[in-house]
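S.K.: Here is my input, please return the structure:
(chains A, B, C and D)
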2 protein chains.
Amino acid sequence: MTDNLSQTFSALADPTRRAMLARLTMGEANVSDLAKPFLKSMSLPAITKHLKVLENAGLVTKTKDAQWRPCKLNATPLQDAADWMEPYRAFWEESFDRLDEYLKEVQSKKNKKVKTKEKKNARKS
Amino acid sequence: MTDNLSQTFSALADPTRRAMLARLTMGEANVSDLAKPFLKSMSLPAITKHLKVLENAGLVTKTKDAQWRPCKLNATPLQDAADWMEPYRAFWEESFDRLDEYLKEVQSKKNKKVKTKEKKNARKS
DNA sequence: TTTATAATTAACCAAAGAGTTAATTAACCG
DNA sequence: CGGTTAATTAACTCTTTGGTTAATTATAAA
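M.R.: Numbers count the residues shown, from 1 in each chain, chains lettered A, B, ... in the order given. The predicted structure is shown next:
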């Protein structure tokens, strides 16, 4: 798992870490700021570790201000991840198209049935 | 790690598995086809396990044809991953812009220096 | 100079991940 | 039937991951 891309994906494979990144899109934050939403469910050292994973992946840079450690988002590794995914877009869009076609198809069948029902009802009344 | 997105990112966090997905963009392949490029460096059961990870993440669907197991790419989980990343695009593009600006800046300084040197050389000769 | 706050480090544990070899299943083919 | 091919399962090992509590460092503030 030594390569950068693997490290990036691995860092993203945890909801706590993704939430921390999301928080950092709103601006710099100290460790305790980042920890706050999670302190009910996990300890501060756990957060420190998650942060370390993000730092090692190059997704977060930590600086120093007195006893605080302001953290900043660095999204550049995500670009490589997005670039890797890009060629697959054609595949997921293709399957969306097929779903779309299918939905249109069943929709048109439904319409035909409705029309048939209308005829029946017309006969009934 | 129970959520889908985590499972997807986790599945992508391995170069062998990413290579297997890449191979599947070229069309269906049996387990041994997928294994071939790796058999020098790992065993077949290892491949079976990697494939299982991809299946569990919904990225590959395996069918049955006699003793073969044709595998097919299913890229739809990648869409969720790409959707998650999308809001971060602004951030990595922004840092690219800053790099771009910086490069233009040093480039223009370099030009000035070159011009200065030319003047010096002119004086010299 | 003590005390409080912010954060990290150390030491430990349990579960998951990534690999191995050996055995097993399942289908085909002569 | 007996052998071969394709793939999986079992059982095991080793490392990594994600968490804990307790101790420690470093700075600010009273």
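S.K.: what's in contact with stretch A:67-86?
M.R.: For stretch A:67-86, contacts defined as Cβ atoms under 8 Å, 6 or more residues apart in numbering or on different chains pick out A:4-5, A:7-9, A:12, A:21, A:24-25, A:28-31, A:34, A:51, A:57-64, B:12, B:18, B:78, B:81-82, B:85, B:88-89, B:91-92, B:95-96. C-beta: built from backbone N, CA, C; applies to glycine.
S.K.: Go through it and flag the buried ones.
M.R.: A:69, A:71, A:73-79, A:81-82, A:84-85 (16 or more other Cβ atoms under 10 Å in any protein chain shown).
S.K.: what is the mean pLDDT for the helix or strand A:Glu93 falls within?
M.R.: Taking DSSP states H and E as the definition, A:Glu93 sits inside helix A:89-124. The average of the pLDDT scores along helix A:89-124 is 63.
S.K.: just to revisit the earlier point, from the buried residues of stretch A:67-86, which is closest to B:Ile47?
M.R.: Nearest to B:Ile47 out of the buried residues of stretch A:67-86 is A:Trp84 (Cβ to Cβ; 20.9 Å).
S.K.: Where does the closest one sit: helix, strand or coil?
M.R.: Following DSSP: H, G, I helix; E, B strand; the rest coil, A:Trp84 is assigned to helix.
S.K.: and it, how far is that from B:Phe9?
M.R.: Distance, A:Trp84 to B:Phe9, using Cβ to Cβ, to the nearest Å: 12 Å.
S.K.: again with A:Leu59
M.R.: From A:Leu59 to B:Phe9 the distance is 12 Å (Cβ to Cβ).
S.K.: again, but for A:Lys36
M.R.: A:Lys36 sits 24 Å away from B:Phe9, going by Cβ to Cβ.
S.K.: One more: A:Leu5?
M.R.: 11 Å.
S.K.: what about these two, which has more around it?
M.R.: B:Phe9 (27 against 18; other Cβ atoms under 10 Å in any protein chain shown).
S.K.: For the more buried one, what is the enclosing helix or strand?
M.R.: Element membership for B:Phe9, per DSSP H and E: helix B:4-12.
S.K.: Which neighbouring elements make contact with that helix?
M.R.: helix A:4-12, helix A:15-25, helix B:44-56, helix B:76-85 (3 or more Cβ pairs under 8 Å, 6 or more residues apart in numbering or on different chains; DSSP states H and E).
S.K.: Can you name the residues of chain A sitting close to chain B?
M.R.: A:1, A:3, A:5-7, A:9-10, A:12-15, A:18, A:21, A:25, A:73-76, A:78-79, A:81-82, A:84-85, A:87-89, A:91-92, A:95-96 (Cβ under 8 Å from any Cβ of the partner chain).
S.K.: didn't A:Asn56 look like it was pressed against A:Asn4?
M.R.: No. Taking contacts as Cβ atoms under 8 Å, A:Asn56 lies outside contact range of A:Asn4: 10.4 Å.
S.K.: May I see the buried residues of stretch A:82-99?
M.R.: Of the residues in stretch A:82-99, those buried (16+ other Cβ under 10 Å) are A:82, A:84-85, A:88, A:91-92.
S.K.: right, and the pair among the residues you listed with maximum separation?
M.R.: The widest separation within the buried residues of stretch A:82-99 (Cβ to Cβ) is 15.5 Å, between A:Ala82 and A:Phe91.
S.K.: what residues go with each domain of chain A?
M.R.: In terms of domains, chain A is parsed into A:4-74, A:84-124 (source: automatic domain parsing).
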